[in-house]
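Engineer: predicted model and sequence follow; I will ask about them next.
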Amino acid sequence: MTTLVWFRQDLRLADNPALHAAAERGPVVPVYVESFADEGEWAPGGASRWWLHQSLSALARDLAHRGSRLLVARGSPLEVLIALARECGATAITWTRRYEPAVIARDTRVKEGLRDAGLDAQSFNGALLAEPWTIANQSGRPFQVFTPFYKQLLRQLEVPEAIPAPTALLPPAQWPSSLPLDALALLPRIDWYREMAATWTPGEAGALEQLERFVDTALDRYRDARDRPAIPGTSRLSPHLHFGEVSPWTIWRRIEAAHAERGIDRAESRASKYFAELIWREFSHHLLHHFPHTPTEPLRTEFARFPWHEDARALGTWQRGRTGIPLVDAGMRELWATGWMHNRVRMVVASLLVKNLRLDWRHGARWFWDTLADADLANNTQGWQWTSGCGADAAPYFRIFNPVSQGERFDPDGAYVRRWVPELADVALAHIHAPWLAPSPPRDYPPPIVDLKASREAALAAYQSLRGR
DNA sequence: TGAAATGTTGGGGCG
DNA sequence: ACGCCCCAACATTTC
């Protein structure tokens, strides 16, 4: 029996239940269908499209090494898949589930349509440790606070056996026609991605390499080093995870094995900070599934009438990394150059935007969507609502980061700021996070866009106005 | 995964 | 020896 494998955000061969199920039954026809129109306003942004191009091209190579191919098409998945199935005599289709509201609606229609057409359509979980509908609190409702969600997930966690990558894939009797990958025009016409290309290796091999690098060089000191943006103390797996180049289970098993080798007992292993971060990703998907309006609406409804400012100039200054606040500008420039920003710095730049500048969090979420290679609707929505204080288990609104003291705490030698803000290369360490206080501030670096103390107080007052009613 | 203001404690200098 | 003050360090409260 020939099976189409519809690749989406599971761009890997190992630990891929949809591919495995197909390969067990006979010939496999792997296919990617560009159908961004179905994703509406959350079609992939520029950085994500660059990554997707690289990742698809890596997947095509990996498939070729196993005697197979990656077919590329664009348009309505239902029509494309039915046509391809006819062309190559496939009778079944498998894929890995996604959780974005628009995609769920689309996939439901696709599954019905395929079955109406007499095809065997089957979807699998290949992206989450626990799918959103498998976890509920005592009263059967979704969790809205992280810690009880985290504990419940750990309680019911059962690590499945790894599924090895198939060593060979049977080709169909006849390969259907395919577009060349370039026809999807995922790469920008202007070459702005040089630094991204130098920073990342998209694709399954790159993902597994990065996992090994993390385990070898950063896992042991993760708890403290993960907050230091100047050093590679985080996993840097987020874009790989978003595109499914590595499964969360592969990561989980690898970390558990490393802990075991290093004499860390099971309880301590389970309690590790890195696992908690993986489970934040699960929590984000849980929230997006149960509260599908949250990409555009605050979960806490009173925030619908929060007095946001509208200031296109300030937004542009923040986006370009010209706020005059070193840690913020460093982060925004790291994002622009590499398609990624250290998580500690994401919280700081977000706090400045929504609290000190008091711009609507949706402007920030939109900018991150277009510039992050790891842009993920669940994580991005959750992260912005958390910072803004309008989400589930959110930082209270009055929790306002001071980018100067955050810089002093987490970039104590100024290395991160100096790396991304070259105008500050010669500023003394004492003033690196607040150069406007230096005896002679650098001339080519702007003064701060806001007074941190005054804007903090104004933000608190705005928050009070919500509570007063 | 906050910061700043306010309160408390205790060591040490000093008359 | 003692009380007093200062202030750093820490804890608590507030936003």
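Structural biologist: Structure's in. What do you need?
Engineer: where along the stretch 1-150 of chain A do the helices fall?
Structural biologist: Using DSSP state H, counting those that start in this stretch, the helices found in the stretch 1-150 of chain A span residues A:17-25, A:46-64, A:77-88, A:101-116, A:146-156.
Engineer: lowest average pLDDT across these?
Structural biologist: If you rank the helices of the stretch 1-150 of chain A by mean pLDDT, helix A:146-156 sits at the bottom with a mean of 94.
Engineer: between the helices of the stretch 1-150 of chain A, which gets nearest to DNA strand C?
Structural biologist: Set against DNA strand C and scored by Cβ to the nearest atom of the strand, the helices of the stretch 1-150 of chain A come closest in helix A:146-156, at 18.2 Å. Yep, even glycine has a C-beta here, placed from its N, CA and C like the rest.
Engineer: next structured bit after that closest one?
Structural biologist: helix A:194-199 (DSSP states H and E).
Engineer: the helix or strand hosting residue A:457 near DNA strand B anywhere?
Structural biologist: Per DSSP H and E, residue A:457 falls inside helix A:452-468. Yes: among the residues of helix A:452-468, A:452-453, A:456 lie within reach of DNA strand B under Cβ under 7 Å from any atom of the strand.
Engineer: residues in the stretch 301-450 of chain A within reach of DNA strand B, list them.
Structural biologist: Going by Cβ under 7 Å from any atom of the strand, the residues of the stretch 301-450 of chain A near DNA strand B are A:343-344, A:347, A:395-396, A:398-402, A:405-406, A:409.
Engineer: which of those sit farthest apart?
Structural biologist: A:343 and A:398 (21.5 Å; Cβ to Cβ).
Engineer: of the two, which one has the most company?
Structural biologist: Between residue A:343 and residue A:398, residue A:343 has the larger neighbour count (other Cβ atoms under 10 Å), namely 16 against 12.
Engineer: verify the stated contact: that one with residue A:234.
Structural biologist: Yes: between residue A:343 and residue A:234 a contact is recorded at 6.6 Å, counting by Cβ atoms under 8 Å.
Engineer: check the stretch 251-400 of chain A for the residue nearest DNA strand C and tell me.
Structural biologist: Closest contact between the stretch 251-400 of chain A and DNA strand C, by Cβ to the nearest atom of the strand, is at residue A:398 (4.0 Å).
Engineer: which ones are touching that residue?
Structural biologist: The contact partners of residue A:398, by Cβ atoms under 8 Å, 6 or more residues apart in numbering, come to A:389, A:460, A:463.
Engineer: can you pull out the strands in chain A?
Structural biologist: A:3-7, A:28-34, A:71-74, A:92-96, A:120-124 (DSSP state E).
Engineer: between these, which one is nearest to DNA strand C?
Structural biologist: Here strand A:92-96 is closest among the strands of chain A (Cβ to the nearest atom of the strand), at 42.3 Å.
Engineer: what sits up against stretch A:317-332?
Structural biologist: So stretch A:317-332 is contacted by A:229, A:333, A:336, A:341-342, A:345-346, A:348-349, A:352-353, A:357, A:359, A:367, A:403-404, A:406-407, A:411, A:414, A:416-417, A:419-421, A:424, A:432-436, A:445-450, A:452 (Cβ under 8 Å, 6+ apart).
Engineer: and it, which residues are buried?
Structural biologist: Under the neighbour-count criterion of 16 or more other Cβ atoms under 10 Å, stretch A:317-332 has A:317-319, A:321-332 buried.
Engineer: please compute how far that stretch lies from its chain's middle.
Structural biologist: Per Cα atoms, centre = their mean, to the nearest Å, the displacement of stretch A:317-332 from the mean C-alpha position of its chain is 21 Å.
Engineer: now do stretch A:90-104
Structural biologist: With Cα atoms, centre = their mean as the basis, stretch A:90-104 stands 19 Å off its chain's centre.
Engineer: picking up where we left off before, which residues are common contacts for residue A:343 and residue A:234?
Structural biologist: Joint contacts of residue A:343 and residue A:234 (Cβ under 8 Å, 6+ apart) are residue A:226.
Engineer: residue A:406 contacts residue A:348, correct?
Structural biologist: Yes: taking contacts as Cβ under 8 Å, residue A:406 lies within contact range of residue A:348: 5.1 Å.
Engineer: so the two - more neighbours on which side?
Structural biologist: residue A:348 (25 against 20).
Engineer: which ones are touching the more buried one?
Structural biologist: By Cβ under 8 Å, 6+ apart, the contact list for residue A:348 reads A:327-328, A:331, A:401, A:403, A:406.
Engineer: how confident was the prediction at it?
Structural biologist: Per-residue pLDDT puts residue A:348 at 97.
Engineer: same check, this time on residue A:393
Structural biologist: For residue A:393, the predicted pLDDT is 80.
Engineer: which residues touch it?
Structural biologist: Residue A:393 makes contacts with A:144-147, A:386, as judged by Cβ under 8 Å, 6+ apart.
Engineer: thanks a lot, catch you later.
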